[in-house]
Structures are given as C-alpha cells and as structure tokens.
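A.B. asks: just coords:
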C-alpha cells in the first residue's frame, strides 16, 4: 500500500509541510499561511492540499506536528485566553510565583515590567503543612485543611489546579494526598502537582513549571482534541504525534498531561533534522544554524546527541543569545539547548548619534520588510546582500517576489552617509556585523559549554542561513558546511526524523561517598520499565528502545550542575565529572566531594512503522549547458566580479563548483565565497574551505 | 583610520567576553551568595587601566570596579613594581578597591607577545571575611577593622600557579573557609576566560588595530554620553535626602547640586554630612557607582559601557564626608544603604531635568540580613542576603512589588537552597500588601520574609533603612510604608520591634521577621489618568492585604 510520512510545523507566519512518499522516497513540500486564532485550520488545509494532489490519496502512516500554541498562549495571544487556574501552596508562600527571584529583567530600565503572574492572587490558596529539606514532616497536613481548600476551590470554578508545596521533591506525601482529594472534589479540573512535574529543589522554578503545566493543560488539550477531530472529519485517523521541546516525539494523548513539554516545540525540529543529516553523512559533531527574517538560532549535536538544557524562560526575552532571567516563566523541562539572537534578513542597520554603526536588534520583519521589498526605507541585512549581488537583484521565491535593488542601494547609501565608506563597503560591513552577532549564538552553544567548535560541521538552513554560513564557519574556525535540501523547510523535516522520547528525573542531593548506589540503580531500572511501557503505549517498537542514564553533578557547595553520563561505574562517573568541570571552567578539584543532584533517565524509541522508508535525494533536473549558468556581478574583496549563479535543482550529484559562486533555489540562496568550494553530496550542498 | 565595522565587532566581542567571565564565575562559585544571587561583576581594561567592557551584573560595582582597579594598579606599581606576566592579584581594602571588605577583587594582567595588553578583573561578594559578626557587616562597627580582614593587594597567582598561602590568609580569617577558596578559584577562572578572549582579539586583528578599535569605541561612548546629556537640557538642580542613624533619627544627609551644561554633568556633594561613626560611609567608588547608575538609567542604557561614558561626568564629594570618607572609617553599609540613597538623590535631581523619565522613590534599602554561628557538629556557617522592596511608582505605571531596586539586582536565595545549607527555616515569604504609597500610580509593595533559627545560637545583624523616614512619593503621591523588623522569641506570644540597624543573638526557635518598605506613589490620589490603574485600584490593593500589621508600620 502506498503511504506517506508527514510532518507539519506551525510557525508564526507559515504552516510548513514536509512529506515523504513510501513508494518513491520522494520528498514533497507545501507551505500555507498560518491561522493563529485556530492553528488547526492551516494544519488540516495544508494536509488536504497535499492529499488533493494525488488521484487516489495514499494512507498517512505518520503524522508529526510541532506547534507554537503553548508559547503563544503564555505570550497572551488573542484567542488563546488562559483558563482560570488555582494554586495551592504552603501557608506563608502564596506569592512565591509572583516574586520570582526578586530581580528585574533589565537593570537600567526604570520602566521595566514583570511577567503577569499566571494565577491571580485571590486564586492562590494556602494550606497549613510543612515538610523540611530532608523530607521530614514538621506540620502534618490535617484533613480539615484539605476539606477547606477543596470547598474554596469548588466555589471558584477553576479549570486547573497546581499543587505546589515546599520541599515536595524530598517528600511528596502531602502533595499526593492533596492532589488526589482535589481531583476527586473537582472532577472537571486538571490537577497538577509539582513533585510529579518537576521534582527538583528551588521552589520558584518548580512552582512555575507546575503552574505553566496547569495553565496550558486545558488549552493544549482542547487544541489537540479539535485538531484530531478535524483530521478525523477529513478521514485522517493516523496517530498524531507532537514534538517536545527536547526534540523528542510524544503522542498527542501523552502531551495532554505534559503540555509544559512542548513550550519550545517548533525550534527543536531544526536541530533534530541536523542530527539526522549527521547520521546520513556519517558525522557526529554538528552545529545547526537557522536564520530567518528576524531571529537566528544555533544548537549543537555532540557525538551524535542533540544537546539538551534543563531550564527555559518561557515567553521571556533573550539578550544577545541568552535567556533573560526574570523576563518570562521558568520551565524546568528538557529543552534543546538553543541560543537565539535577534538577527536576520530583516535586521535594520543604522548609524547612531555618536557615529557608531548599529546593526539590530530592531527588525523590519516581513512587513514593512527590507527596503528592497518596496514598502519601507529600512536598510537591512537583506538589502546589504542585494547590494552586494549575493541575493538576486530582480526577484526572490523563484521569481514570484520582486526585489527593488535600487531602493536597497539608496537605503544602504543613507547609512554609509558620512562614514566615508562606499555603499559596497557599508553593505559588507553590515553583513560582517550581523555575522558577528550570529557567530555569538554559535559560540554560546559551543565555547561557552566547553566545546571546541573547530571540528564541527555547520548545517545551515532557514531562508538566510546558507547565505551567511561560510562566513560564520570561518569565524568559528569550521572548515565544512552543509546546506540541506529545502533549507526553508528543514526544521519541519526534523519532524520526520524525531524518535519517541520519555524522560524521568529523580532528586538525590547526596555526595558520591554517601549515596546508596544500589538504590539509584534500582530507581534507574524501575524508571526504565516505566518509560518502556509508556513508549510502547505511544507506538514505539519495543526492540528499538534505548536508555540513557545520567546524573546532574557538582562539587558539594556549588550551585550549578553538569550533566554526566552514567554507565554503572561510580569511579568512571566521578572521573567524567572532573574532566567535564575542567573542560568547562578551566579547573577541577579531585579532592572535593562530588554531589549528585538528580538522576535522569531518557528513553528513546522509534515509532513502529511496518514499512520504514528513507527519503531519497531529489533527482537533479539536469539541463544542457548548466555549467555556463547565469553570471551576476558580485562585490568581492573590493571589486565587482562576475560570479556564476546556479540553479540548485539543476546541479547533478557530485557536481563540484569552486567559489565564488551562488546557488539559488526557491526559498534560499547559498553563497560560496572565494576559497570555498561546493560539492553536491547526497542531495545536500557540501561546502569546504580550502586548506590555508 | 580604522573602519566603524571593526570597531563594532571589537566592541561586541569585548562585551561578550565580560558576560562570559560573569557566567564562569557564577557557575563555578561555591557560596550561595554568588552562585544563587549573582553578587559579582566582571570587566576588561586596556593597558592604561581604562574600562573597555563591563558585564551588567550589579550597578554598585559599575563605577567602583574601574575606580578600584586603578587604585590597585597604582598601589601594586608603587609597592611591588607592577604586575608581572602569569600573575593575579587579590585585594579587598575598600579604600583601594572601591566597595566594602566583602567584595574581593581579583585582577589579571594580560600580556600579548610579552607586553602588557590589558587587564581582566572581577569582584565578588564573599559572604564572610571575618570581623566582629558573621557576614562581616557589624551594625555597630566604628572602624574598618571590625568589619573583617583587610587585604592589601596580594599575589594570588604567580607563574600561573595559585598561591595557597594567599588563599590561606582569607581562609584563616573567614568563618566559612571552604567557600572562600572555592569562590576565589571561580574568580580566577573568570579572569582566565577574559584574558583568553582579549588575546584572541589581539591575535585576530593585530594589536594596533585592536587598540585603535578600543580608542574609537571609548570616543564613541563619550560622544553618545555627551549627546544624551545635552538632550536633558542645561540647568542646575538640587536634591537631598537622609539616611537614618543607628538610633533611627534621619539625620545623615546626602545633598547634591547637579549642573548640566552643554553635554557635561557636574555632581557636587557639598553639604553632605561628615563621615559617620557607623558603617554607613561610602568610599568614593561607591559614590561614583550611584551617579553612573542613575545617569545610565535616565539616558540611554544601550551606550556601550566603557571609560568614554565617564568622561563628561564630573563628581566632587568633599573628603571626610559620608560619600568620600577618610580611612579607617567603617564602610560595610555604604555599599548597600548609602549607595541606594545616593541613587535616590541623583535620580531626584535628574527628575527635575527629565520629569517623564523618573518616578517616585523606591523602598530605598537593601534590607541586609546576616546570620551566622556554629552548628551542632562544629561547622561554622554564615548567611547573607538582601531583600527586595517596593519600587517607586513610575510617571505612567505602578511600581513593582517585592523587587530589587536600583543599586542591586541580586536574586533571592531559594528557600529550598537556604534551608538545606543553613540551620534556618523560612516561615513566611510574601508580598507586604498595603505597604505601597498611593497616588495616580501606586508604588510597589515591600515584602515580608520571616526566618526561624532551628539550631543553637546565631549572631544576627540587620542593616536596613527607611524605618522612620518613609520613601517619598513624587508629583503629589503618598510615601510608601516604612520597613519593620520584628523578633518573636521562642515561647513568646508577642513580637518585639527591632531597630533598622542592629546586632543581637538569635536562639533556636526565635523567629525574625523582615518587612521591607513600599515604594512612593506618583501623582495625586484620585487623579486617575485614563487607562491607569489609579486610586481605585490602590484602595482595592489595600483591602486585599493579608496581614493588618503591614499597614501598622511605624512612621
């Protein structure tokens, strides 16, 4: 039977679809404008468009989806009003979620604001109880307290309840009792307890994670239900999978109880696709670089493993690549470790009063867009690329989108103004500055994490990634760049590569000398059997399931942990920790006690598929005389030169091109600078720097 | 001539290097004060000791780190013939390093191809550096020596080897020696990163181009700062406010005359009280920090932070006064309390030049709490934290509740981390509703934090302000409520009020409650601007309060 594997990525502007045909291995892509108020509409429509292109629609074997619904809800997007949610916490601590960490997100901004608390103060109820850090009950939770709080909750008519008691990671007895009784008293409400969602110490982050999960539960559940219904209405009954923030898949049913796991569903896809590309080309150390109109994102794959971070500031802001503490709602859940910067094609360049040239962080976005789009005077990175001849000076999107090169030139000319630089030099400068800002995010996920980027492969995608990739690679000392097929849809293609993932965490807070190793091994074993069962229930092939055991470790007394793989040997674990600490901070202290903060289990399984199939690269549409492709003037090293411009679809496998060259395709342009060469490798463009 | 693009790239790389230094110090530090609260700052300097990049961590280190570095360099030059390659130096003498004894500065000279190329330096707040009380900020100190060990500049690293004997001095003088060595190692690690990044820039662009880019970056910041000052208009403005002495009398005066003329700002503190016999004196570096903070907040925080920013700013504080004391006046609270009031005064002067950019006064104290003692098993402990307060109302919005204002931006210590590391239990931690000042826009509320000692006896020191003279409102707004300290002894039914600045013994079962001041309101109560939350909500917020005692704050 003919079938399709389909991935659909809902972004702010577009809903992207990538599908692979079982019978041909061919990759098909579709793009539709997103429908933010009812995102499921665009999902169904884009799928219907795909199916309508077949005479007899093939079966859908896999339907994987990434969504921004959780982030958009937290950002207060209209049409996604947050449900009334209550918090039940220890008496004396109702404001923990509002006070946060007491810091302001911008030090010098006297007009700074805090994110609005997700639970109104009148809906924060307290109970008399207290457990200490060792898990000892100091004040028992009385039945009368439970009754009182249940009846107060009933009066309020809340849709969700977060139960967050102090030190519940050390002893969850009170939380369990409370959550159970509240669930019985309010059968329609979603009840979430912190010891289940995020059993780690530091109350604000745990409470916040739990509250985010509670607030999102009704929204995400309703959305997924509507989506499944609409799909069924069109006869599509395949299981729906949703991408988690850590790049793993989970069934829609599983996500209903874990909506906090999909807060960063969208951006994870690009890194997953990068890891999958690495597998195909036999590379295990890769950096993903995704550049769009307004932001650039970087992630890392180290030894075949997508790098994961443990905390994220949901709906918060970033400052030059890093999340700004206090700007959003902390969610402690595994996330693909992405660094993000406000830099993209739409980034605006200007000279300030002191004569300093500033590129970003303001962006002209898609509307009004860069000057060359014809609706603004903004000198942007895209305009600089047009001026330099790196981007097509007549039209983009395969000729569908006209470009006003003269307008781009006069915009850049205005910035050059009194600086004494020519228009071309200024354009080069703008590109150099935006490259510098973007290189920083690549540095954050490598150098700042104790990783040397020089032996990595840079995988560049998004509309702008392939245009800037070689310069960034040079900046980081990287010699090889890959530009995948369909760079603009590469993130969506990650949906087809992602395995099912389950994670569990167990708090320890004990030193390697005092810990009961047998007990943690037992926990790992039990956790593995729980994870295996959940994975199989979601559709994983039992034989495919593999586990990763890890510890979060630090020197006793430190406040920041490094995540270390565990193979069963305590000695090896300690050694790996010392090594990791030295790599990251330049020193280790082998004499000092090593404290294990958490045990972590990750279970990974592939989705059972009777006819697993791989995509094959598109066959080149080789034309006569393609070698003498069009030639365009490109500004290089102080002079204009004629540079060949190739159509990507016309490039044959193994075709080799020396830089300078340009490769154009529908949604992206690759720039091959002098001293770089290009080869078509299994559908991807492989760019290599000449040995110096 | 160097092109503006290289200048921008070098500027960006320097800022990034500063940030990376900060992250390194934080992530490898041992004491909760640094690792949880981020009470540290990192910076890079050129070979002349001019600030070329500083990571934004804590405003109170903003001016004091560059001021202190230059004094340290002079001293080392005079006494030891300068810093050599492969060395790091450490010091905490406030009269040299620019804040208080707890802030330990570590500096690394950076050599490129054998000649000096610059310095990496950082400053971190060590929770205990000895002295009369745990936390090293005794409220009754009458000289510097009661506040802890005074380290003149000492070699900490020689030939890239850590000198354990130097660390040993700090260890021997601290109640928590383990954390001292861990934190110093973290500070060393931070400087190593800073050095590496600066050398990479020299390598990449060549030393000359790098230095030209720095020169140009400093000039740009100077031009930007001058333009920003010019935009405030010319004029002469005066402002003053008071700190409370140990007896609670608000008699310690900060007086400021600000002259803005043609892009230059002159700050003259003539009329400020003489130095006091209490730990409220602020060394001149701290005074500079208040000025730089306020100017940065009122002008353009996007101006690249470097020595160029300081050029159009002149600050005069007479020697022997609160804001420029003579050694060995005690200074531990100058860094926290006096610096906060100084920021209030500078902002109120700037408010006259730019009324739409400055709001009412914030809580005006860091509400320092220091506790320490010896645990049952003989392990000493020392705990320090500052507490947020109510932010002053803004011209267009309410102030925020329970937040660190102005000169600090440290994070709170999580309750679950605090209870794990110290024999303390937090019994209450809430917003002090009802403590904000009313107005067209209300001030923010302060917070309430109650701590119980769970074991043995501890020495407690409280250092706060705004317990008798409340934070004023602006444009007719009401003042915020004063702060309150209460102590409920084990077994007692009632709580006694404690002074704002005091040291005492805390016994197991005693509960200490800190309530911090609310922010002042902005505009008249009842004068409701369209769309503003206004007086109605102010009433609603008051009615909502949890605890009547929040309202009963003594005036």
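C.D. replies: Received it, and whenever you're ready, just let me know what you need. Because the structure is a prediction, the values reported are computed rather than measured. Numbers count the residues shown, from 1 in each chain, chains lettered A, B, ... in the order given.
A.B. asks: Report the residue spans of the chain with pLDDT below the cut-off.
C.D. replies: You didn't say which chain, so I picked chain A. Along chain A, the parts satisfying pLDDT under 70 run over A:78, A:608-629, A:692.
A.B. asks: actually chain B
C.D. replies: For chain B, the stretches with pLDDT under 70 are B:1, B:32-33, B:36-37, B:528-555.
A.B. asks: Name the residue closest to the centre of it, please.
C.D. replies: Centroid check for chain B by CA atoms, centre = their mean gives residue B:60 as the closest residue, at 3.5 Å.
A.B. asks: those strands in the stretch 1-150 of chain A, which residues are they?
C.D. replies: For the stretch 1-150 of chain A, the strands defined by DSSP state E, counting those that start in this stretch cover A:3-10, A:14-21, A:27-33, A:59-66, A:85-90, A:124-127, A:130-131, A:137-139.
A.B. asks: re earlier: who's the closest spatial neighbour of the residue nearest to the centre of chain B, skipping the chain neighbours?
C.D. replies: Distances taken as CB to CB, 6 or more residues apart in numbering or on different chains put residue B:407 closest to residue B:60, at 4.5 Å, once the chain neighbours are dropped. Any C-beta I mention is one placed from the backbone N, CA and C, and that applies to glycine too.
A.B. asks: now residue 178, what's its secondary structure?
C.D. replies: Since no chain was named, I'll use chain A. Here residue A:178 is helix, with the state taken from DSSP: H, G, I helix; E, B strand; the rest coil.
A.B. asks: show me what contacts it?
C.D. replies: By CB atoms under 8 Å, 6 or more residues apart in numbering or on different chains, residue A:178 lies in contact with A:88, A:127, A:141, A:146, A:149, A:163, A:165, A:193.
A.B. asks: Please list the members of those that lie in helices.
C.D. replies: Cross-referencing these against helices under DSSP state H gives A:146, A:149.
A.B. asks: okay, now the nearest residue to residue B:61 once chain neighbours are set aside: neighbour count?
C.D. replies: Distances taken as CB to CB, 6+ apart place residue B:41 nearest to residue B:61, at 3.6 Å, with adjacent residues excluded. For residue B:41, the neighbour count with other CB atoms under 10 Å in any protein chain shown is 28.
A.B. asks: So residue B:41 lies in a strand, does it not?
C.D. replies: Yes. According to three-state DSSP, residue B:41 belongs to a strand.
A.B. asks: For it, list each beta-bridge partner.
C.D. replies: Residue B:41 has these beta-bridge partners by DSSP bridges: residue B:123.
A.B. asks: Residue B:333 and residue B:372, how far apart?
C.D. replies: As judged by CB to CB, to the nearest Å, residue B:333 and residue B:372 stand 17 Å apart.
A.B. asks: again but with residue A:459, I slipped
C.D. replies: To residue B:372, residue A:459 is 53 Å away according to CB to CB.
A.B. asks: okay, those two: which has more neighbours?
C.D. replies: Shown here are residue A:459 and residue B:372; by other CB under 10 Å, residue A:459 has more neighbours (32 against 23).
A.B. asks: Following the chain onward from the helix or strand harbouring that one, which element is next?
C.D. replies: Assigned by DSSP states H and E, residue A:459 belongs to strand A:457-461. Per DSSP H and E, strand A:457-461 leads on to helix A:465-476 as the next helix or strand towards the C-terminus.
A.B. asks: quick check: angle from that next one to strand A:457-461?
C.D. replies: In terms of direction (axes from the mean of the first three to the mean of the last three CA atoms, to 10 degrees), helix A:465-476 departs from strand A:457-461 by 150 degrees.
A.B. asks: next structured bit after helix A:465-476?
C.D. replies: Under the assignment DSSP H and E, the closest C-terminal helix or strand after helix A:465-476 is strand A:480-483.
A.B. asks: tell me what that following strand is packed against?
C.D. replies: Packing contacts for strand A:480-483, counted by 3 or more CB pairs under 8 Å, 6 or more residues apart in numbering or on different chains; DSSP states H and E, involve strand A:457-461, helix A:465-476, strand A:684-689.
A.B. asks: Pull up the pairing partners for the first one, direction included.
C.D. replies: Looking back up the chat, that one is strand A:457-461. Paired neighbours of strand A:457-461 in the sheet (DSSP bridges): strand A:286-291 (parallel), strand A:480-483 (parallel).
A.B. asks: Surely residue B:243 touches residue B:254?
C.D. replies: Yes. Between residue B:243 and residue B:254 there is a contact at 7.3 Å, judged by CB atoms under 8 Å.
A.B. asks: Which neighbours do these two have in common?
C.D. replies: Common neighbours of residue B:243 and residue B:254, using CB under 8 Å, 6+ apart, are B:322, B:338, B:341.
A.B. asks: Can you pull the residues of the stretch 301-450 of chain A lying near chain B?
C.D. replies: Counting by CB under 8 Å from any CB of the partner chain, the stretch 301-450 of chain A comes close to chain B at A:320, A:322, A:325, A:351-359, A:419-421, A:425, A:428-429, A:432-433, A:436-437, A:440, A:443, A:448.
A.B. asks: rerun at 6 Å
C.D. replies: A:353-354, A:356-357, A:419, A:429, A:432-433, A:436, A:440 (CB under 6 Å from any CB of the partner chain).
A.B. asks: Restricted to helices, list these.
C.D. replies: Using DSSP H, the subset of those located in helices is A:429, A:432-433, A:436, A:440.
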